[in-house]
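what follows is a predicted protein model with its sequence.
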Amino acid sequence: MPKKAKTAEETIKVTGENLLKTVKDLVAQGNVRHITIKDKDGKIVMEFPLTIGVVGAVFLPVLAAVGAIAALIGECTISVIRSKE
């Protein structure tokens, strides 16, 4: 019987100016599986899964999109799903 991965969900409130830095920090932590960015009304603006080994040039288009969103959004919430292994 396959082992089910254990996960935990966390919510972080940030301003647009801190959005890109926060996402970069989350990616660098390595245990993040999925990130969802929502506006202040709770509407999903962007969401993306993170697979093990996602780094560098592969992730640059996502960071560029997050940077563009950060320029347009005032306050947002980041929902993070982490693996607990």
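Perfect, thanks for sending it.

which stretches of the chain form strands?
With strands called from DSSP state E, the chain shows them at 7-15, 32-39, 44-49, 75-83.

make CSV out of these and add mean neighbour count.
Where C-beta positions appear, they are placed from N, C-alpha and C, glycine not excepted. Shown next, in CSV, are the strands of the chain (neighbours: other CB atoms under 10 Å):
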stretch, mean neighbour count
strand 7-15, 13
strand 32-39, 18
strand 44-49, 14
strand 75-83, 17
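
got a markdown table for those, with mean pLDDT and distance to residue 24 too?
Below are those laid out as a markdown table (pLDDT from 0 to 100; distance: least, CB to CB, whole Å):
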| stretch | mean pLDDT | distance to residue 24 |
| --- | --- | --- |
| strand 7-15 | 92 | 12 |
| strand 32-39 | 91 | 11 |
| strand 44-49 | 90 | 13 |
| strand 75-83 | 91 | 12 |
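
out of those strands, nearest to residue 63?
strand 44-49 (10.4 Å; CB to CB).

so how far is the closest one off the chain centroid?
Strand 44-49 sits 7 Å away from the centroid of its parent chain (CA atoms, centre = their mean, to the nearest Å).

could you check the angle that strand makes with strand 32-39?
Per axes from the mean of the first three to the mean of the last three CA atoms, to 10 degrees, the angle that strand 44-49 makes with strand 32-39 is 170 degrees.

pairing partners for strand 44-49, with directions?
According to DSSP bridges, strand 44-49 forms sheet pairs with strand 32-39 (antiparallel).

other residues contacting the partner strand?
Contact with strand 32-39 is made by 7, 19, 23, 26, 44-50, 66, 69, 73, 75-83, as judged by CB atoms under 8 Å, 6 or more residues apart in numbering.
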